[in-house]
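Student: Structure for the following, please:
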Amino acid sequence: MRRDLVIDGVAIGSTTLGGNDATDSIVGMYKSLARDDINCILLDGLVISMYNIINGEQIVQETGIPVVAITFEDSKGLDGIIKHRFNDWRSKLEQYEKLGQRERITLKTGKSLFIRYWETSNRKAVAILNSFTLQGSVPEPVRVAKLVARACSSIML
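Tutor: The predicted structure is shown next:
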């Protein structure tokens, strides 16, 4: 999505529940677009598909594009849940801990988000989010991506 909110393309990927392929899927979607005008990859969370953990640093290394990941609620973390859910929890916990701490920000709308970012600054990440958030706390690219994902999942059922 461009800054003027025009959508120039859509890429769809998949991940394995509880797997370790989410990062590769995102990099694959980026590459499938074959565009040289993408300036940021905006993610709705970094732990998806039943603890498939996205590595923002790896996305930056493989694409050269800054990454901003958002979440909407504060939490105490997933350490205990990961230890309980996985037999090989050490590897999964290490992936999770590498994500680092989230930072709470307040958008121009007055709503708060929690962010992590790579290859950009807090100031630039907030500016990106403010430019794409028309109301509430959900940036338009995330809102549209959720709509597309819901439509795709209903087709696959």
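Student: Over to the residue nearest to the spatial centre of the chain. Which of the three states is it?
Tutor: Geometric centre of the chain, nearest residue: residue 43, 1.9 Å, by C-alpha atoms, centre = their mean. Three-state assignment for residue 43 (DSSP: H, G, I helix; E, B strand; the rest coil): strand.
Student: Then residue 126?
Tutor: Three-state assignment for residue 126 (three-state DSSP): helix.
Student: Please name the residues that touch it.
Tutor: Residue 126 sits next to 105, 107, 115 when contact means C-beta atoms under 8 Å, 6 or more residues apart in numbering. (C-beta placed from N, C-alpha, C; glycine too.)
Student: Count the neighbours of the first one for me.
Tutor: Neighbourhood size, residue 105 [other C-beta atoms under 10 Å]: 16.
Student: Distance of it relative to residue 32?
Tutor: 30 Å (C-beta to C-beta, to the nearest Å).
Student: Helix or strand for the residue in the chain sticking out farthest from the centre, just tell me which one.
Tutor: Using C-alpha atoms, centre = their mean, the residue of the chain lying farthest from its centre is residue 87. It sits 25.8 Å away. Residue 87 is part of no helix or strand, with elements assigned from DSSP states H and E.
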